[in-house]
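Student: take a look and give me a structure for this.
(2 chains)
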2 protein chains.
Amino acid sequence: MARSVEIICIGTELLIGKTLNTNAHWLAKRITSLGSKVARITVVEDDVDEIASSVKEAMRRKTHFIITVGGLGPTFDDKTLEGLAKALECKLEINNEALNMVEEKYRKYMEEGRMEKVELTPPRVKMARLPQGAKPLFNPVGTAPGVVMEHEGATIVALPGVPSEMKAIFEEAVLPLLKEAAGDVTFFETSIEATGVMESEIAPLIDEAMHDNPYVYVKSHPKGSERVPRIEFHLSTTAEDSSVARNRVSKALVQLSELIQGKGGKIKPVKTEDDIVEKPK
Amino acid sequence: MARSVEIICIGTELLIGKTLNTNAHWLAKRITSLGSKVARITVVEDDVDEIASSVKEAMRRKTHFIITVGGLGPTFDDKTLEGLAKALECKLEINNEALNMVEEKYRKYMEEGRMEKVELTPPRVKMARLPQGAKPLFNPVGTAPGVVMEHEGATIVALPGVPSEMKAIFEEAVLPLLKEAAGDVTFFETSIEATGVMESEIAPLIDEAMHDNPYVYVKSHPKGSERVPRIEFHLSTTAEDSSVARNRVSKALVQLSELIQGKGGKIKPVKTEDDIVEKPK
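Tutor: The predicted structure follows:
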C-alpha cells in the first residue's frame, strides 16, 4: 500500500501568477517514482493562519507525510515555521544544531569575502527557530536549513522554496524516509497515442480495459488540434514488485490497443515524458 | 476590496508529476490582473469524494468564486460535475442547452467528415449532465461546455483542462463576471533587482518599507548563484484606482531602493516577467 504525501506550497508569488510552480511538479514526479502517492497539492499565501490551517487540514486527512515548500528564509514573509508551530500547537525555539548550521554558512560567506564578520542578527537567528521537537536538515546549497518532525503519526518536512535548495535537501534527507516507508512498492507508467478515433468513442474502451485490469489506471489526454485529433493514453500502476507492475501495465496496454484498433484507430507508442501543455513564455 | 477566488485543479496527471500545472499559473496571473485575489490553489485527483470535499472546504472559507479546472470530458475519469453535485447536495440532470451545444459540436464534426453520423452516446450525453441549476458555458474550441452556477453566495465555474479550451471559456464567460465583481479594483506590480547585499541583511529594510507603505506587498526572491547572489524585490498592490496603485508602488520602490543603496547594494530595474524558476525538460 503506497504511503500518502501531501505537498503544501507556500508563497504569494504562486497565487499572483508570478511564479510557475515547478517545485510541486518536480516533487510530485519524484515522490510518485519512489512508490508513494501524492494525494493533494495545496498552495497558500505567506500568512501564518493560512499555513497553519492547510497543515491542520492535511493532518485531519491522516496523510503519512506532509511536505511544505517555501517560507524558510530570513525575511518577514518567511512564515512557514511559525505556521507549523501554530498548526501543531507548540512553540518556536532556537535549535542549537540549526543555529550552528546557519552560523557555519555565514562563516563560510565571510571566508569567501562576502561579508566582513559573522553577525547572528535576528533575521539570521530566525532561520534556526524551529518548532519544539523538530530537527534541522542540512542545506548544502543555501543558508536556511530544512526541517523534519513527527506529529501524531505523520512526518512533516519543511523545504526551502529555492529549487536547487529544495531538491538538494529532498535527495539527501527526504528520499531515504520515503524509500523506507514505501518498502518495495514501485510505480510504473507508459503511454500510447491513438489517431483516427474521438475521445467520446473510446470512453467505453477505457472502461473495459480498466475493468479487466483493476490495478492499472488509464487516463486519456486529448492532444493535437481539433482538425487532427490525437489522444494520448497514459497507463500507470503501483505494485510491490517492479516486474509485477510492468506486467500489469503491459497486459492492459495490449488489450487497450486491440480495442482501439477494433474501432479503426491507429496506435503508436510514445515516449513517456512530462506533459508540458504549453511552453511558458 | 478585492474578491477572493479559489482555483481547484482536478487531475491525477498533476499529482503524479506527469503534467506541469500551467493552467493554475495562467489563471492566477489573469485573475490577479483583473483585480481579484487568488486565495488558494488546490490540486486533487480524479475522485468524486476528493473533488466534493475540496469544493466544500472552499465554500466553508467563504470565497467569492470557485474555479475548477479539468474533468469535464466524456471519459469515466472526468468526474468534476459529479463531484460538484455531491458537494452542493444536488442532482445531475441533462441540461437541454448543454445537450444542444454538444450535439451541435458533433454535427460539425460529421460535416467535417470526422464521423459518419451524430450519435448521442452515453459518454457524449454525460458532458451535458450538469448539477441542477447550473448553466453551460459555450466551448468555442472543444466539445465539453464549461459550467457556471451560484451557491450560497459563491459563484462556481467549471472549466475544461485542455489549456486552449480553458482559456477560451475564461476569456469569454468568466472574465466579465470577475470584472464586474472587482469594479475598478486594479493590481499593479513591479520589480527591482539588487546585488551586493545578502537576503538576511535586507530583511529589516523590507520591514521598514512595508511599515511605511502598508498597502504595498514587498517580497524578496533570491536569484543567481551562491557566488554571485542577486535578490529580486517584487512590489505589488491592489487599489480602487490604477493611478493610486501605481503611485503607492512607486513610493515604496523609491524608499526601498534608497535603503538598499544605503547598505551598499546596487539596484537595477528588471522587467516584471514570469518567474520560470527552471526550464521544464
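
Student: residue contacts, A:Ile16?
Tutor: A:Ile16 makes contact with B:Ala28, B:Lys29, B:Thr32, B:Val38, B:Phe187, B:Glu189, B:Ser236 under the criterion Cβ atoms under 8 Å, 6 or more residues apart in numbering or on different chains. For the C-beta atoms, the positions are set from N, CA and C on the backbone; glycine is no exception.

Student: sketch out the strands for the stretch 151-281 of chain A, chain order is fine.
Tutor: For the stretch 151-281 of chain A, the strands defined by DSSP state E, counting those that start in this stretch occupy A:154-159, A:186-195, A:217-224, A:229-239, A:266-270.

Student: of all those strands, which one is nearest B:Lys117?
Tutor: Closest of those to B:Lys117 is strand A:229-239, at 17.9 Å (criterion: Cβ to Cβ).

Student: hang on, the earlier thing: biggest separation within the contacts of A:Ile16, which pair?
Tutor: Farthest apart among the contacts of A:Ile16 by Cβ to Cβ are B:Val38 and B:Glu189. That separation is 13.8 Å.

Student: neighbour-wise, which of the two wins?
Tutor: Legend: neighbour count by other Cβ atoms under 10 Å in any protein chain shown for B:Val38 and B:Glu189, higher for B:Val38 (27 against 18).

Student: my guess is that one contacts B:Ile7. True?
Tutor: Yes - between B:Val38 and B:Ile7 there is a contact under Cβ atoms under 8 Å: 6.3 Å.

Student: who touches both of these two?
Tutor: Overlap of the contact sets of B:Val38 and B:Ile7 (by Cβ under 8 Å, 6+ apart) consists of B:Leu27, B:Ala28, B:Ile31.

Student: quick one: the first one is in a helix?
Tutor: It refers to B:Leu27. Yes - in this structure, B:Leu27 lies within a helix as judged by DSSP: H, G, I helix; E, B strand; the rest coil.

Student: and the pLDDT for it?
Tutor: Per-residue pLDDT puts B:Leu27 at 98.

Student: which non-adjacent residue is nearest it?
Tutor: B:Ile7 (5.5 Å; Cβ to Cβ, 6 or more residues apart in numbering or on different chains).

Student: one more: A:Ile206?
Tutor: In space, A:Ile206 is closest to A:Val218, 5.1 Å off (Cβ to Cβ, 6+ apart).

Student: let me see the contact set for that neighbour.
Tutor: So A:Val218 contacts A:Ile206, A:Ala209, A:Met210, A:Phe233, A:His234, A:Leu235, A:Ala252, A:Leu256 (Cβ under 8 Å, 6+ apart).

Student: quick one: the last one from B:Asp78, how far?
Tutor: Same thing as A:Leu256. For A:Leu256, the distance to B:Asp78 equals 18 Å [Cβ to Cβ, to the nearest Å].

Student: do you know how far A:Glu150 is from chain B?
Tutor: Look at A:Glu150 and chain B: by Cβ to the nearest Cβ, to the nearest Å, they are 24 Å apart.

Student: okay, the helix or strand that residue falls within in CSV with CA atoms only?
Tutor: Here A:Glu150 sits within strand A:146-151, counting by DSSP states H and E. C-alpha atoms of strand A:146-151 as CSV (Å, rounded to 0.1, in the frame of the first residue of the first chain):
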residue,chain,number,x,y,z
GLY,A,146,15.2,22.3,6.1
VAL,A,147,13.1,20.9,9.0
VAL,A,148,11.7,17.5,9.9
MET,A,149,9.4,16.5,12.7
GLU,A,150,6.9,13.8,13.7
HIS,A,151,3.4,14.6,14.9
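
Student: ok, residues contacting it?
Tutor: Against strand A:146-151 from outside (Cβ under 8 Å, 6+ apart): A:59, A:72, A:81, A:84, A:88, A:130-131, A:133-139, A:155-160, A:169, A:173-174, A:177.

Student: which ones among those lie within helices?
Tutor: A:Met59, A:Leu81, A:Leu84, A:Leu88, A:Ile169, A:Leu177 (DSSP state H).

Student: let me have the residues you listed in a markdown table, extended by pLDDT, distance to chain B and neighbour count.
Tutor: Listed next are those as a markdown table, based on pLDDT from 0 to 100; distance: Cβ to the nearest Cβ, whole Å; neighbours: other Cβ atoms under 10 Å in any protein chain shown:
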| residue | pLDDT | distance to chain B | neighbour count |
| --- | --- | --- | --- |
| A:Met59 | 97 | 14 | 18 |
| A:Leu81 | 98 | 15 | 24 |
| A:Leu84 | 98 | 18 | 27 |
| A:Leu88 | 97 | 20 | 21 |
| A:Ile169 | 98 | 15 | 27 |
| A:Leu177 | 95 | 18 | 17 |
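
Student: columns distance to B:Lys18 on top of those residues, output as TSV?
Tutor: Listed next are these as TSV, based on distance: Cβ to Cβ, whole Å:
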residue	distance to B:Lys18
A:Met59	27
A:Leu81	32
A:Leu84	30
A:Leu88	33
A:Ile169	24
A:Leu177	24
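
Student: how near is the closest residue to A:Ala239 other than its chain neighbours to B:Leu14?
Tutor: Distances taken as Cβ to Cβ, 6+ apart place A:Ala245 nearest to A:Ala239, at 3.8 Å, with adjacent residues excluded. A:Ala245 sits 21 Å away from B:Leu14, going by Cβ to Cβ.

Student: what's the answer for A:Leu27, then?
Tutor: In terms of Cβ to Cβ, A:Leu27 sits 12 Å off from B:Leu14.

Student: which one's more surrounded, the two?
Tutor: More crowded of A:Leu27 and B:Leu14, by other Cβ under 10 Å: B:Leu14, with 28 against 24.

Student: mind listing what the closest residue to chain B within the stretch 151-281 of chain A touches?
Tutor: Per Cβ to the nearest Cβ, A:Ala203 is where the stretch 151-281 of chain A lies closest to chain B, at 3.6 Å. By Cβ under 8 Å, 6+ apart, the residues touching A:Ala203 are B:Pro74, B:Thr75, B:Phe76, B:Pro123.

Student: so what's it closest to, chain neighbours aside?
Tutor: B:Pro123 (3.6 Å).

Student: could I get the pLDDT score of that neighbour?
Tutor: At B:Pro123, pLDDT is 93.

Student: name the element it belongs to?
Tutor: Counting by DSSP H and E, B:Pro123 is part of helix B:122-126.

Student: for that helix, C-alpha coordinates in PDB please.
Tutor: These are the backbone C-alpha positions of helix B:122-126, laid out as PDB (Å, rounded to 0.1, in the frame of the first residue of the first chain):
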ATOM      1  CA  PRO B 122     -23.900   7.900 -23.100                       C
ATOM      2  CA  PRO B 123     -20.300   9.400 -22.900                       C
ATOM      3  CA  ARG B 124     -21.400  12.300 -25.100                       C
ATOM      4  CA  VAL B 125     -24.600  12.900 -23.200                       C
ATOM      5  CA  LYS B 126     -22.500  12.800 -20.000                       C
END
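
Student: residues touching it, excluding its own?
Tutor: Around helix B:122-126, the neighbours that count as contacts under Cβ under 8 Å, 6+ apart are A:Ser200, A:Glu201, A:Ala203, A:Pro204, B:Pro74, B:Thr75, B:Asp78, B:Ile94, B:Leu99, B:Val102, B:Tyr106.
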